[in-house]
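> Need a 3D model of the following:
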Amino acid sequence: MQVFLIRHPRPLIEAGVCYGRLDVDCDDLQPVAARLQLPPATTIFSSPLRRARRLAEALDPCVRLDARLAEIDFGDWEGRRWDDIDRQSIDDWAADVLNFTPPGGESVADLQRRVIDFAGEIKATVAGPRVALVSHAGVIRALLGHWRGLSLAEWTQLKCDFGSCTEIEL
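Alright, predicted model coming up:
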């Protein structure tokens, strides 16, 4: 199965603000949608967050939304400037990237579990030869890490630009 991992366009949020699950809109998606020429018979799944969902709908109005494709939930940190978050909390997160949970949020391990759960269902739920997932950097990195057998240190550092499309064969 051919899989296209598509990251949403740049979100409309001030630089330096923590956002993950925060539902913000995105920059003009039309240039990204025009550049992404998906082959016919591609089933499209999307995060329900606006910045991904709107791009997915521009690619195909029959998009399937799945909450497991949403970005990590930073909980109480959402919408706050990174500089305003307690320095000790940031240090605690850096010391245990996989398991640290921001107050009211989820850990990277939680994100990884839910996207791997989604990945396990793709072949069973898609009849065609191709699928596109319109999502977020954290989700795309976790999926690539899972499918390529990468370590945490490797997959959390993968480059994933706004509006990018990464293709992988399963």
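> and residue 112, what helix or strand is that in?
In this structure, residue 112 sits in helix 108-125 according to DSSP states H and E.
> name the helices or strands packed onto that helix?
helix 137-148 (3 or more CB pairs under 8 Å, 6 or more residues apart in numbering; DSSP states H and E). C-beta: built from backbone N, CA, C; applies to glycine.
> Tell me how far the spatially most central residue of the chain lies from residue 128.
The residue lying closest to the centre of the chain (CA atoms, centre = their mean) is residue 136, at 2.1 Å. Going from residue 136 to residue 128 by CB to CB, to the nearest Å gives 24 Å.
> Residue most distant from the centroid, this protein?
Most remote from the centre of the chain, using CA atoms, centre = their mean: residue 88, at 26.5 Å.
> Not counting its own residues, what contacts the host helix or strand of that residue?
Assigned by DSSP H and E, residue 88 falls within helix 87-95. The contact list for helix 87-95, computed with CB atoms under 8 Å, 6 or more residues apart in numbering, reads 82, 100, 102-103.
> what's the angle between it and helix 108-125?
Here the directions of helix 87-95 and helix 108-125 differ by 50 degrees (axes from the mean of the first three to the mean of the last three CA atoms, to 10 degrees).
> Just the CA atoms of helix 87-95, as PDB, please.
Taking Å, rounded to 0.1, in the frame of the first residue of the first chain, the C-alpha atoms of helix 87-95 are listed here in PDB:
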ATOM      1  CA  ARG A  87      11.400  26.300  33.100                       C
ATOM      2  CA  GLN A  88      11.500  23.300  35.400                       C
ATOM      3  CA  SER A  89       8.600  21.700  33.600                       C
ATOM      4  CA  ILE A  90      10.400  22.200  30.200                       C
ATOM      5  CA  ASP A  91      13.500  20.700  31.700                       C
ATOM      6  CA  ASP A  92      11.500  17.700  33.000                       C
ATOM      7  CA  TRP A  93      10.000  17.200  29.600                       C
ATOM      8  CA  ALA A  94      13.500  17.400  27.900                       C
ATOM      9  CA  ALA A  95      14.800  14.800  30.400                       C
END
